[in-house]
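Asks: mind folding the following:
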Amino acid sequence: MTTTAPDQASSESDQGNSAGGAATALNRFVEVAGDTFAYRRFGTPSVTLPPLLMLQHFRGNLDFWDPVLLDILAVDREVITVDQRGVGASTGITRDNVTDTATDTAAFAAALGLKRLDVLGFSLGGHVAQDLTLRYPRLVRRLVLGGTAPQGAPNLHPWNDDVYAWATGDVTAAEDFIALFFTGSADSTRLAWEYLARTSVRQQDRDEPTSLATRDAQYTALMAWGIPDSSKLERLSAIRQPTLVANGDNDTMMITQNSYLLAERIPGAQLRIYPDSGHGFLDQHPQLFGEHVRAFLGH
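Replies: Next comes the predicted model:
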């Protein structure tokens, strides 16, 4: 997935480009079941807090994470971002279902020797985070679900025509990305362009763009997850890890009401809804969301 962005970065991007921060983190590679997974690992190692594993959205790669958000999260702990199988610089064929992607995620953690993690899943990554937590409950300590939805939730299948057009084009113009992730208000649009500038700060060792094959496989996974089935909602009662659910108040892709549904069905879950924000609320408010996540995870 490729977007265009303005040449100049906002003042927030300077934080993301600090020495040793997310914007300069090394690209690393590890073998997972016959393929090579690309990842970045940075931040402050902790003897008490596990690393935070970040699971990315539909068609996103390592460079789509906001460096401001990542650097805030990395103050107290290590942060790990990863390209799933076949995504970006990772080799292999992208999985076309959430279950296999979650299995790959557990195998990736094992390849790094990690037995305990906090997990933040965004959008499709949030689907994977739910399945990972349910099937590998002793791996996940705390869970953050951003801009995502439960399996079988309403209004996920199929996407409306606008969402489908913005999300699945062979080339994603910046304007399409903004329409999909932000609300269209003047303030949200301004912050959208600032986000795109921040993600363009990294000039060396950028990740590989995601392919159309990745798009097609991940779209299949999203549609399968979104087939309406209220019986699937009962799965959420088995998530006993402390959970933070977050979204914008106008998510047209995963539908904000599904975040309320997640928080209702996961025992003890906390919920934060950000005003005048869409699917990309965490890109619109990286500092605020980052501090909320830090407070939730502990430091």
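Asks: what ranges do the strands span in this protein?
Replies: For the chain, applying DSSP state E gives strands covering 28-32, 35-43, 52-55, 78-82, 117-122, 140-146, 243-248, 270-274.
Asks: pull out the buried residues from the first one.
Replies: Judged by neighbour count (16 or more other Cβ atoms under 10 Å), strand 28-32 contains these buried residues: Val30, Val32. In this view, the C-beta of every residue, glycine as well, is placed from N, C-alpha and C.
Asks: run through who's touching it.
Replies: 36-41, 85, 89, 104, 107-108, 111-112 (Cβ atoms under 8 Å, 6 or more residues apart in numbering).
Asks: which one (most neighbours) among those?
Replies: Tallying neighbours with other Cβ atoms under 10 Å puts Phe37 at the head of these, with 27 neighbours.
Asks: could you tell me how far that one is located from Thr214?
Replies: From Phe37 across to Thr214, the span is 14 Å (Cβ to Cβ, to the nearest Å).
Asks: Gln284 is in contact with Trp193, isn't it?
Replies: No: assessed by Cβ atoms under 8 Å, Gln284 is found out of contact with Trp193, at 10.9 Å.
Asks: higher neighbour count, these two?
Replies: More crowded of Gln284 and Trp193, by other Cβ under 10 Å: Gln284, with 26 against 16.
Asks: burial of the residue lying closest to that one once chain neighbours are set aside, as a residue count?
Replies: Distances taken as Cβ to Cβ, 6 or more residues apart in numbering place Leu191 nearest to Gln284, at 4.6 Å, with adjacent residues excluded. The tally of other residues near Leu191 (other Cβ under 10 Å) stands at 23.
Asks: ok, Leu191 - contacts?
Replies: Contact analysis of Leu191 by Cβ under 8 Å, 6+ apart lists Phe182, Asp283, Gln284, His285.
Asks: my guess is the first one contacts Leu282. True?
Replies: To tie it back to what came earlier, the one meant is Phe182. No: when contacts are counted by Cβ under 8 Å, Phe182 is not listed as touching Leu282 (11.6 Å).
Asks: compare those two (neighbour count), which wins?
Replies: Leu282 (29 against 26).
Asks: now do the contacts for the more buried one.
Replies: Counting by Cβ under 8 Å, 6+ apart, Leu282 has contacts Asp66, Leu69, Phe122, Gly146, Gly147, Ala246, Phe289.
Asks: how about a cut-off of 6 Å?
Replies: Residues near Leu282 by Cβ atoms under 6 Å, 6 or more residues apart in numbering: Gly146, Phe289.
Asks: likewise for Trp166?
Replies: Residues near Trp166 by Cβ under 6 Å, 6+ apart: Asp176, Ala179, Leu180.
Asks: nearest residue to it other than its sequence neighbours?
Replies: Closest to Trp166 by Cβ to Cβ, 6+ apart is Leu180, at 4.0 Å.
Asks: which residues touch Met254?
Replies: Met254 neighbours (Cβ under 6 Å, 6+ apart): Gly147, Thr148, Ala149.
Asks: touching, the second one and Gly125? I think so.
Replies: No: judged on Cβ atoms under 6 Å, Thr148 makes no contact with Gly125 at a distance of 7.4 Å.
Asks: which one of the two has more residues nearby?
Replies: Thr148 (30 against 27).
Asks: ok, that one - contacts?
Replies: Ser123, Gly126, Met254.
Asks: same thing with Ala246?
Replies: Gly146, Arg272.
Asks: bridging residues for it?
Replies: Partner residues in beta bridges with Ala246, using DSSP bridges, are Gly146, Arg272.
Asks: could you list the low-pLDDT ranges of this protein?
Replies: 1-20 (pLDDT under 70).
Asks: all helices for it, in order.
Replies: 12-16, 67-73, 98-111, 124-135, 161-168, 174-181, 186-198, 212-226, 256-265, 281-284, 286-297 (DSSP state H).
Asks: list the helices and strands the second one packs on?
Replies: The reference is to helix 67-73. Under the contact criterion of 3 or more Cβ pairs under 6 Å, 6 or more residues apart in numbering; DSSP states H and E, helix 67-73 touches helix 12-16, helix 286-297.
Asks: could you point out which of the ones you listed sits nearest Arg202?
Replies: Distances from Arg202 to each of the helices and strands packed on helix 67-73 were compared using Cβ to Cβ; the shortest belongs to helix 12-16, at 8.4 Å.
Asks: can you count the residues close to the nearest residue to Tyr164 once chain neighbours are set aside?
Replies: Spatial nearest neighbour of Tyr164, chain neighbours left out: Pro158 (7.1 Å); criterion: Cβ to Cβ, 6+ apart. Other residues within reach of Pro158, judged by other Cβ under 10 Å, total 13.
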